[in-house]
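1. what shape does this take:
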Amino acid sequence: MLTAPAADAVQFDESVCGSFPCRFLLPLRIAEQEPKVHLHLHQLAILASSLNRTLVLPNVGNNRIGACSKWPLDSYYDVDLFRSARPAINALPFTVFDSWSKTRPILPTSRVVSFSVNKSGGRDSLSDPLTDGDDFIIDYGLADHKVASCLHSKFPRLHQSSSMISFRFYHNNPTRPSISQPLIRILSEAVDSVEYFSDELAALRTSDVLAIEWDLRHLIFPGPNMIDLQYSHALVELAERLASFTGPYIAVYWRLERVPVENLAWCAASLVSTLRSVLGDDDSGPQLVWFATDYHTPSEQPSVVKTKSARSGTFQAVKPEHEEAMNIIQDAFQTGGDLEGYATTELPSQIKRLKMFEGNVQFEEGVLEDSGVSGILDKLVVDAVSGVCKRIQGLQQDKVRLHDSKW
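-> Predicted structure coming up:
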């Protein structure tokens, strides 16, 4: 006979996930950032479905996805698409899971699982009987400090152990069933027990919550996307309003992060030349250049003291060459420069103007200052407008687009 708390837990779980016990897959952290991060959320959706677990829709913030991020997932993406996915994805809103973890009558069981690249590169001489030693190895250790801190602060009832099971994949393995099938066999509760299982792996398979740290850049599960994740309707609508409100402009989208620093000055000079060619000498054309970049824009740079800053979470090595490149562009718009008479703008300035003239833009306080939201809006403003696109030769990430909706 079930005890009173256990009986209550059965009823409680059935009200949340339709069965007892609930089995969740919680994305604690996905290392990849926007715009590729949604591909890895889809990988976790495949993993959850393969393990017959419910995917907890994580939060977002600063270009990333994770349970301890600040904003709900719909701040970036259209979450309604999860409901229409084919095959269906069993997903649960984060707020519902959060309430479940805090109020379940009996303590949920949980394990932290890490997926990462085997940085040592070489394969072990002795084959692991669970993995055949071909694609990944299994390690046992302590959870990363940030992961442990996230669990402890956000989900104290789930932080039951500092240990972590790590699946470390060898470099440059293509996506193929030979990777995914052994992984599912090891993690799946539905598969019969394996002779070589450790107590930790056995406990992992029956845990109520698998808290996932996903530090992979390549995909390990083959198959078509179950969801075509799109940006939220609110962000798409705001980008359209900004494009229309700003009027005729030239939009420049330039990611400096991955451009070799020795090429930056040449790239900046080439961009100025391209802008001069696109703008021409016709005074009836656009007089405004909208800069979307992962570094600070020309109009954001102070006129005297120029601070070094970047908008991307992975843009770690800000160097003098980056500042020199932006100075070349900034100087082109000054008196005597190649682009004298034209003006520059950027997202924060246009949002401020829109608020002044049209009032509230209906976003929660602070959302529009999030670097991920800013990056998405920049891309939408550049890509969604009508016009022609021209790439500077040699600049794979540089795009110049003419917006002429009012021209």
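2. mind listing the strands for the stretch 251-400 of the chain?
-> Under the criterion DSSP state E, counting those that start in this stretch, strands of the stretch 251-400 of the chain are mapped to 288-293, 343-345, 389-390, 398-403.
3. weakest of those strands in terms of mean pLDDT?
-> Of all the strands of the stretch 251-400 of the chain, the minimum mean pLDDT falls on strand 389-390 (a mean of 44).
4. in stretch 96-110, what counts as buried?
-> Buried residues in stretch 96-110, counting neighbours by 16 or more other C-beta atoms under 10 Å, are found at 97, 100, 101, 104, 106, 108, 110. In short, each C-beta sits where N, CA and C put it, glycine included.
5. just give the closest residue to the third one, not the sequence neighbours.
-> Nearest non-adjacent residue to residue 101, counting by C-beta to C-beta, 6 or more residues apart in numbering: residue 155, 5.3 Å away.
6. how about the contacts made by the one you found?
-> 67, 98, 101, 102, 110, 211 (C-beta atoms under 8 Å, 6 or more residues apart in numbering).
7. quick one: contacts of the helix or strand the second one falls within?
-> Just to be clear, that refers to residue 98. Using DSSP states H and E, residue 98 sits in helix 94-103. Defining contact as C-beta under 8 Å, 6+ apart, one finds that helix 94-103 is touched by 12, 16, 22, 24, 26, 56-59, 67, 72-73, 108, 154-155, 157-158, 209.
8. mind giving me the ChimeraX select for these, buried ones only?
-> Per 16+ other C-beta under 10 Å, the buried members of the contacts of helix 94-103 correspond to this ChimeraX selection:
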select :12,16,22,24,26,56,57,58,59,67,72,73,108,154,155,158,209
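9. for residue 153, grab the count of nearby residues.
-> Under the neighbour criterion other C-beta atoms under 10 Å, residue 153 is assigned a count of 10.
10. where do the strands of the stretch 51-200 of the chain begin and end?
-> Under DSSP E, counting those that start in this stretch, the stretch 51-200 of the chain gives strands at 54-56, 59-61, 64-66, 91-92, 110-117, 136-142, 163-169.
11. how about the ones you listed, which one is nearest residue 274?
-> strand 64-66 (32.4 Å; C-beta to C-beta).
12. ok, the spatially closest residue to residue 147 that is not a sequence neighbour - contacts?
-> In space, residue 147 comes closest to residue 213 once its chain neighbours are excluded; the distance is 5.3 Å by C-beta to C-beta, 6+ apart. Residues in contact with residue 213 (C-beta under 8 Å, 6+ apart) are 28, 29, 112, 113, 114, 115, 116, 143, 144, 147, 164.
13. let's see 6 Å
-> Shown in contact with residue 213 (C-beta atoms under 6 Å, 6 or more residues apart in numbering): 28, 29, 114, 147.
14. three-state assignment of it?
-> Here residue 213 is recorded as strand under DSSP: H, G, I helix; E, B strand; the rest coil.
15. and of the buried residues of stretch 96-110, the nearest to residue 291?
-> residue 97 (39.6 Å).
16. give me the low-pLDDT residue ranges for the stretch 251-400 of the chain?
-> Regions of the stretch 251-400 of the chain meeting the criterion pLDDT under 70 cover residues 281-284, 296-316, 384-400.
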